Each structure stands twice: as structure tokens, then as C-alpha cells.
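**Q** Okay, sequence plus prediction incoming.
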Amino acid sequence: MRRFIISVIAALAVVLAVSGAVLAGTGGGSSVTEARLERALPTEFANLYSQQAKLLGHRGVTPASLHAKAMCDKGGAVEDNVGPGSNWNCLVSWTDPNNPMPPEGYGKFELDVHSNGCFTAGGPSKLVGFQTITDTRGREVANPVYEFDGCFDPNGDNTPTGVRFPSVLNVTTTALRPDADNRVGLQLSCGTGATGCQGTVTATAGGTTLGRQPFDLQEELTGTVSFPTPVPAGATEVTFTIRTDTGVGPTSPSTLSMPG
Amino acid sequence: MTATDVLTGRPTQAAPVLGSRPGLGAALRWETRKLRAQLRTKALLIGAVLVPIAVVVIVHSQPRPPKDTLFGRFATDNGFAMALLVLGFAAQWVLPLLTSIVAGDIFASEDQHGTWKTVLTRSTSRSTLFWGKSLVSIGFALLALLVLAAATIAASVLIVGHQPLTGLSGQTIQPQSAVTLVVASWACMALPMIGFTCLAILFSVWSRNVAVGIAAPVVIGLVMQLVGALGGIESLRPYLLTTPFEAWHGLLAEPRFTGPLLDGVITSAGWSVVCLVAAYLVLRRRDITGG
Amino acid sequence: MDDQLAVDAVDVVKAFGSIRAVDEITIKVAPGEVYGVLGPNGAGKTTFLRMLLGLIRPDSGTVRVFGRTWAHDGIATLDGVAGFIESPAFYPYLTGRQNLEGLGLLDGGARSGRLDEILEVVDLAGRADDRVRGYSYGMRQRLGVAASLIREPRLLVLDEPANGLDPAGIRDMRALVKRLADSGLTVLLSSHHMDEVEEICDNVTIMRRGEVAFHGAIAELRAQAPDPGYALATTDDARALAVAGRLPAVTATRAPDSGLTVTGPEDAVSSYVADLVRDGIRLRAFTPTRTPLEQLFFMLTDTGVRNEEVA
């Protein structure tokens, strides 16, 4: 028994030493990369989307006609776009005459990618529909693009695809909370995208300009823009006009009411 | 013939006393014969037929498909997906266990029964016995895999059906090619399964303990799977014996990729050779003091 | 070929850790000889036999079997050699016959019909198709002999063949070994019972803690043997002791529980008994205790004695 325990410990030591050497030698590199996902996902999506089109009776949709392209990102700007995880996001653009794209030109897919090169992708229901769809014969069938599994070649082409999409800038403030001096701020969130969101926000209230403040947000981050001038007494709403230099912002100004 | 005649036999005859020197064939026949006489062998093979049928029936009757595993989301209404779902599940621990029950036992049971001294004092060398046992273990592993695969594929296609399959690149695979791909995917398990057989042989020789010989490869398989799934240490993946169990994914993609399969051949062969050589050296050098 | 020794082991050493199980043992067995290796349990007999059969590698020294060595000839060293070490072991899930058939395969195939003859010899013909799982100890022992015989050996190695058997089994086994020995086989027999070896062996090696304590012919051993001893019960032990005092060749002592222990040459003991009868002391019991060889064996191997002064 003693002999056996010693052997087991020796074997474990060898295994650890070899693994350490391999890790040190390779830097722990992962085969899960942005470029491989950006190649695999649109291919699979295009195949499944045309399958969906067939179910829905949409004509003229083929995998090739969709010209699907993707840009993938893991964990926003703070993380390298490499390695398995459930925090991968891919922006996918495609062309379907039956179903126009939103202004930013893409839909966002959430991916759970495993170290073996397989992933589960969830499509944006606004663009691809919900879990089940009604086919041409009136039956409820599973929506092939709502959620799907795929695998990419872990040794596949790893050169960057060059596909870049701008981030979407959204206003996340739903109710204004003025401070003691009656000054307000606006919370903005910058979505997944290539270069983050930069631009300015102009706030006006009852004819007074509260300020024109710049913002510079990295992708998948949220920030608050504060305006120096207090909201004049008696003003009931504040209008924010956003101009984006990078990123896609809201096209119309947002108007928020002052509390009570 | 009287007793004395028998006893005297041919005592003055020159060596070798018996006709022909037994070779690997004799060892193979002997080990096969022993394996066939054991209840566990029959139980395993019967299990390899019945269990997949039961699994297919049960999964098929579920209202929600098991989406957590690859092809699970199609398994309730596509026979090919069902066969691949069972494959993915089997590769986790069923295949290592299936082969370990025989290979982990085949050497250690000689210690358990104290029969090393019985077989090693015949005219068959340790080396020949070693290769005989190893080849029979590998043969059993392949037979068990064949039975399991055949039962799974047949049950899946007959019970669930043979609809066109959606591949891992979203492509539609027609039933004719789907059959080929499913069979090929199951066939891809052969090499890593041989690798696990050799690992079990090593533990069987080294530990001299049946329980260790059977359990250790399964546990190591689960640990390797865990290590392979962790982020940050993925450069270890190509060296893990569980990685070739996933190499079939490439066959179901479009375009097909076979890199992992080729890597898997090297990995499986590497593990098999290292384990077999180590086991061989341990057994050759060993003093048979027990029994 | 004929002048070649069946077993020629020279200066064989085997240590397990710090224990030297076999320490420079030299044993030579001529063809046709029936040779005994004697010693108490743990003396190194079994370790020596395991080295002879290639189950253990010696640390140093050479073991030749019919001129062949393990290093040079490998498994061919066992050509013409058969036997078993300690109690023979078989596969419990196979029948006796299946076990023998399988082992025959590993021998290169047993002659057809021979299996039945041998099963008859060892008296297992009736149980040959039962699984070994259900065999008694004695049946396994006999199956061990059968497994050796199907090799048609020239040298038969038997390690304590009667060990663990009941009296009837011991008697049968001894008769079988004697028949085998008489048939002209070279037999190497190990035992810790002097009487088992005494009646059939020509030469013996007595081992004690890995070393040779005696080596030579049984006749030579007999010459060294002490006087035989007898247990004596009389109607008057005190007077019987006094009578013994008058005879210098006879030693009588009180036995631990009752009666006397008497040792001396056979003639002297006979006249002592005659004296007792003449003096009107009646004998209630007169039985030989240990045989002289046994007595010698126990002396040589220090069995049950604190042995610093002997060593």
C-alpha cells in the first residue's frame, strides 16, 4: 500500500510538472478566438436562417443571399477576445428583404463558447423571432435560429476577418434624479462594438441650455454625463440631444420629466 | 492405462517436453476463453445492447429535448441526432468504464486469485501473456463499442426516425449521408477507447487491485474532461485522452474538418504506447511473491 | 545430458528490503533424485523455489535448471519443469477441466486424452466439470498436482504439498508424491515436516532464516540424529526415575504434566524397560515422542527456541 501511495504521488508530480511545462511553453493559448467565431457563426446562421425562411414561406432567401457577417467580442473592452466563456457577444448583419435590419445594421447574438470549439448561440428575438414559429402549414415548429449549437474548427483560419460594427449607444436613465442644486445627469450605455461610443449630449430645459457635455465610453460600459447648469425652477422636462461621432446613437432626442 | 503409466508419461524425453512452443495465439485463446466464462463479460455486452435502447426510449418520450448536450435539441424528433446525443454522453464516462471493467481487471484478477504463479510456470513467457491479455482487452473494447454503437444507432433510427439532420454548421444533411456520418462518428471513439484500455491495463498491472484498475481510468477520464473544459489551460487539451472523444464534431460541420481527428490519432496512440510500455516494464520486472 | 544437474543453484541471494530471505544458498539436484528442502515457515524455502521457477529474480547467484538459466533461456528454462508454489491457485469461475485445458494451452497443447488420465490419477475425474470455486482445499491441491503432471515434467517442484490438508488428505498426498518419486521423476520437495521428507528423499537441505543449516544425504543426517525419546507412564514414576539413575546411557526426566520423558539409544531404553518390569513397576504407556530426525530438525532450525547461543 505504501508503495502504491508513493507511486501515485510520484505520478501526480510528473503530471503536474509536464502540464506546467506545456503551459509555460505555449502560454496557455486557446483555440477559441474571435476570428474563428466570426467565420463559423455567420455560416451557420445563414444556413439556419434560410431554413427558417423556408418554414415561413419566405422566398428568395438562400445562405449566399444573406451576406451574413459577424463581429465577435468577449466580455467587452476589458477582456481579450479569446478563450471559452458565456460572455461572448457577436454582432451579425445580414440582408433579408422580408425583414429589414435596425439602424445600426446588425443584431446581437449571445454565445456560450466551450473550450472544445462548440458553442450555443441565442439570436435577438426582435430580428429572428421567438422560440417557436408558425410554418406555412400552420404548425408550431421550433425556430432554428432562436437558439442553436455549432462547432468551429479549432485549427481553422485565425486571420482577422476585419468585420467591424459600431456600438449602439442607449440612454439607460428612465427617471431624472436632480441633486440638491437641481442639476441632472444622464446615464448612457455603450453596447458591443468596435470602437466604443464618443460624442456629445446637449440638455435643454424650458429654453435654457443646461450644457453640452462630451462622453467617451468603451464598449459594454455605462457612464453618466452630468450637466453643470441647474434645471430652471418651473421646468417640467429635460430634453437630451445626443450626437455620436463613433457609435450609433438614438436618432431622436429623449425627453425625460422632472420628478414631482 | 494404469496410474503408473500416466505418471511415468515420457519422463526421459528431451526438452521441450511438449510438442510446439505456445505462441501469442495460445495466450489469446486462453484469455478469450477466460473472458467468455466470466459473467461480467456477458453482462456488459447485454447491457451495451439494452441500455442504449432504454435511453433512446426514455429521451424520446420526454416533452422537452435535452438541450445541454450537442444535438440534444433535435434528439426527440431526429434519430441521427439521438444517436449523436447518446454518443456525446457515452464519451463522458461510459466508454472508459466499459473498457476498464475488463482491462482494469485482466491483470489484477491474477493477483486477486493468486494465479500469476500458476500461469507463469507454464511454457508461455510473461511477455507473451502480457500481449495476449492486452490484445484481448483491446479486442473486447472494440467489440463493446461496436455493440453499443449498433444498438444505439439502430434504436435511434427505428424509434425516433431518420429525418434529415441539421449539422453543426447549420447545414442540412440528408439521411443517406447522415447514416454514414453517425457511424463514422461512433467509429472515431475506437482509438481513444483503446487509449483508455491501455490506461486501465497500466493501472491493473501497477496497482494489482481490481477496484483501482477499473475506477482509476474512469476517474482520470473525468478529471481530464474537467481540465479540458477549463479556460486558460487549453493548451493542455491536445494532450488529454478525452479530447479525441470530441474529434467527431468536425465530421458534422460544413466544411468538414479533420484536424482534431488526426490530432486524436496521435494523442490516442501516444497514450496507448506509453501506458502499454510502462505496464509491460512493470510486469516484466516484477517479483511474483504473492498468491 | 544425463550428467547435467536438474537443479544447479549457486550462491543465490534474494533480499526483500533489509530482510535477506535467501542468503547464499547452494543447492544441486541430480536427475532422478528426490530432494528435500526443509525448514520452518519463513526459512526461505518458498522464495528459493520461486526463483527456481522464474517468479522472482535473484539479487545475485545463478540458478540453472537442466543447464538453462532465466537470463539466457527465458521461459525455455521451464521446459520439462512443473510444480506449484504454496497452495496452487486456479480460476474459480472455470471448472477443474477448463483450468487444466487452459493451462495446457499455455504449455503448447496437452495430448488429447491425457487430461482424463491425469484427472483419474489425482482422483478428480468425478468433479472435473464443477467450478473450482466449490473445490475443497485438498481438491485444489490435487488439481495442482494434475496441472503439473499435464506438463509431463522431468523435474517436479512441490512446495509443501501436504500443507493444510486433513490427515486423510496428507496420507493420500504423501502416497501420490511417493508414487511420483518412484516413477523416476526428479522431485524437489519442500516441507516443514521432517517425516514427510525422510521417507522419500535421498538428499536434503535444511534451511534456517535464509541460510543452509544442514546439507547432505538423509543417511548422513540420521547419523547425527540424537537418541530417540519416549513418553513413559508407570505405576510409580518416582521409582522409575531412580531406576533410570542406575543406567548411565538413559536419561529420564519428569514430563511437564505427568509421566516421564526418556531418551537414550534403543538398546539402553529396552533394557531400562526390562529393569522396570523386573522391579515390579508396571508400564501404563510407552510411546515414542519425536523421531530422532525430527528432534535434529528442531535443533538445527531452532524452532521455538531463543537461539542467540546457537547462532
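**A** That came through, no problem.

**Q** Give me the pLDDT for B:Met1.
**A** Looking at B:Met1, its pLDDT reads 37.

**Q** residue contacts, residue 232?
**A** This is for chain A. A:Ala205, A:Gly206, A:Thr208 (CB atoms under 8 Å, 6 or more residues apart in numbering or on different chains). Every residue, glycine included, has its C-beta placed from N, CA and C.

**Q** that's the other chain; I wanted chain C
**A** Per CB under 8 Å, 6+ apart, neighbours of C:Leu232: C:Ala240, C:Ala252, C:Gly259, C:Leu260, C:Thr261, C:Val262, C:Leu283, C:Ala285, C:Phe286.

**Q** Quick one: residues contacting A:His67.
**A** A:Ser93, A:Trp94, A:Thr95.

**Q** do the same with A:Thr229
**A** A:Arg183, A:Thr208, A:Thr209, A:Leu210, A:Gly211.

**Q** can you confirm it is in a helix?
**A** No. Under DSSP: H, G, I helix; E, B strand; the rest coil, A:Thr229 sits outside any helix and is assigned coil.

**Q** what stretches of the chain score poorly on pLDDT?
**A** Looking at chain A here, since you left the chain open. Residues of chain A meeting the criterion pLDDT under 70: A:1, A:26-28.

**Q** my bad, chain C
**A** In chain C, residues with pLDDT under 70: C:1-3, C:290, C:302-311.

**Q** mind redoing it with 80?
**A** C:1-3, C:109-112, C:164, C:223, C:225-229, C:255-258, C:289-311 (pLDDT under 80).

**Q** do the same with the stretch 1-150 of chain B
**A** B:1-21.

**Q** and the residue of it nearest chain A?
**A** B:Leu70 (5.7 Å; CB to the nearest CB).

**Q** Can you give me the neighbour number for that residue?
**A** 26 (other CB atoms under 10 Å in any protein chain shown).

**Q** how close does it sit to C:Asp116?
**A** When distances are taken as CB to CB, to the nearest Å, B:Leu70 and C:Asp116 turn out to be 59 Å apart.

**Q** Extract the CA atoms of the helix or strand hosting A:Pro214 and return them as PDB.
**A** A:Pro214 belongs to strand A:208-217 when elements are defined using DSSP states H and E. What follows is strand A:208-217, C-alpha atoms only, in PDB (Å, rounded to 0.1, in the frame of the first residue of the first chain):
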ATOM      1  CA  THR A 208     -32.400  77.000 -21.100                       C
ATOM      2  CA  THR A 209     -29.400  75.000 -22.300                       C
ATOM      3  CA  LEU A 210     -28.100  73.000 -19.300                       C
ATOM      4  CA  GLY A 211     -24.800  72.200 -21.100                       C
ATOM      5  CA  ARG A 212     -23.200  70.400 -23.900                       C
ATOM      6  CA  GLN A 213     -21.100  67.600 -22.400                       C
ATOM      7  CA  PRO A 214     -18.800  65.200 -24.200                       C
ATOM      8  CA  PHE A 215     -18.800  61.500 -23.500                       C
ATOM      9  CA  ASP A 216     -16.300  58.700 -24.300                       C
ATOM     10  CA  LEU A 217     -17.400  55.200 -23.400                       C
END
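
**Q** Would you state the strands of the chain in chain order?
**A** You didn't pick a chain, so chain A it is. A:69-74, A:85-93, A:107-113, A:118-122, A:132-134, A:140-142, A:147-151, A:169-171, A:185-190, A:197-205, A:208-217, A:221-226, A:237-246, A:254-257 (DSSP state E).

**Q** meant chain B, my bad for not saying
**A** Under DSSP E, chain B gives strands at B:165-166, B:172-173.
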